[in-house]
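**Q** Build the 3D model from these lines:
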Amino acid sequence: MQFAKLHGCGNDYIFVKKEDIKGTDAACAAIKLSSRKTGIGADGLIIAGPSEVADIKMEMYNADGSRGKMCGNGIRCLGKYAFERKMTIKTALRVETDSGIKKMWLYGDGKYISSAKVDMGKPIFTPSFIPVNVKGESVIDREIYIGKTKYKITCLSMGNPHTVIFVRDTDSIDTEKEGSIIEHADIFPDRTNVMFVQVISENKLKMDIWERGSGKTLACGTGACAALAAGYVTGRCKNEADVIMPGGTVKVTYDTDDKNIYLFGDANEVFTGEVV
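**A** Next comes the predicted model:
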């Protein structure tokens, strides 16, 4: 099976074509191939295939084999992967995902793609649609005990569930320990991604990431969108900001007219190979 490894801001995925992985259990393949000791090593597996309703289809699996509905860094890399392999000739395309059809614009020199912008859709704050099992119309700056620790959390969905926690200094947070506890808290029936966010300025956020199903990662595209949306609705930042993550920086814009969030960032290919 031929594969390629790509990353956006260090958030890396193994890419294969649907035709090449046909007949293989994709969840099991994701677990085996994502292992950084015995496999290729990645935050997950993304399958690119034909779509009946869009230009291309994306299927995404986390490193633990769980299915992910959306991935902001992964979808940008999908655009690069598909365009450079002539699975599409479009630089403005529509991608079918488990969280709906996403519009994407590719940028490069006509042969190679270096970056992409994605219409990530509208942030969802309704608890039952995230989902988070708490009462009320939203969970915005809500103080909640998780275990014996009190957190002030903002919950929303960007196609997948996110819990945003604003902190004074991300470097002082034990992301691995606290992220894992919050991910598996009882109030999150489908678990949650956890974003610890530090406000540098009204147009600059710094973020540390705990991804559901993958653990601590260098970047999270949907998480960056969630951080900007949470910061905007709580008055901590403007509707456009650079989101700085351990693996790199993306630009996120909350369009106040159409209410959609747009994500712009890099797309990089690391290497290709064959799985025996």
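**Q** any idea how far Val95 is from Thr272?
**A** 21 Å (CB to CB, to the nearest Å). Every C-beta, even on glycine, is put in place using the N, C-alpha and C of the backbone.
**Q** State the pLDDT value of Thr175.
**A** As predicted, Thr175 sits at a pLDDT of 97.
**Q** and it, how many neighbours?
**A** 19 (other CB atoms under 10 Å).
**Q** check contacts around the closest residue in space to it that isn't next to it in sequence.
**A** In this structure, Thr175 finds its nearest non-sequential neighbour in Asp208, 4.7 Å apart by CB to CB, 6 or more residues apart in numbering. By CB atoms under 8 Å, 6 or more residues apart in numbering, the contact list for Asp208 reads 170, 173, 175, 195-196, 216, 245-246.
**Q** Now, those residues that are in helices?
**A** Under the assignment DSSP state H, the contacts of Asp208 contribute Thr175 to helices.
**Q** which of the contacts of Asp208 tops the neighbour count?
**A** For the contacts of Asp208, neighbours tallied by other CB under 10 Å; top is Met195, 30 neighbours.
**Q** any idea of the pLDDT on that residue?
**A** 98.
**Q** wouldn't it be in contact with Ile165 here?
**A** Yes - here Met195 reaches Ile165: they are 7.0 Å apart, a contact under CB atoms under 8 Å.
**Q** Can you tell me which of the contacts of Asp208 lies closest to Tyr262?
**A** Met245 (17.1 Å; CB to CB).
**Q** Now do the contacts for the closest one.
**A** Applying CB under 8 Å, 6+ apart, the residues near Met245 are 9-10, 206-209, 218-220, 224.
**Q** Most neighbours of all the residues you listed, which one?
**A** Cys220 (35 neighbours).
**Q** burial of the closest residue to Glu274 other than its chain neighbours, as a residue count?
**A** Distance criterion CB to CB, 6+ apart; nearest residue to Glu274, sequence neighbours excluded, is Gln2 at 5.6 Å. Using other CB under 10 Å, the number of residues around Gln2 comes to 13.
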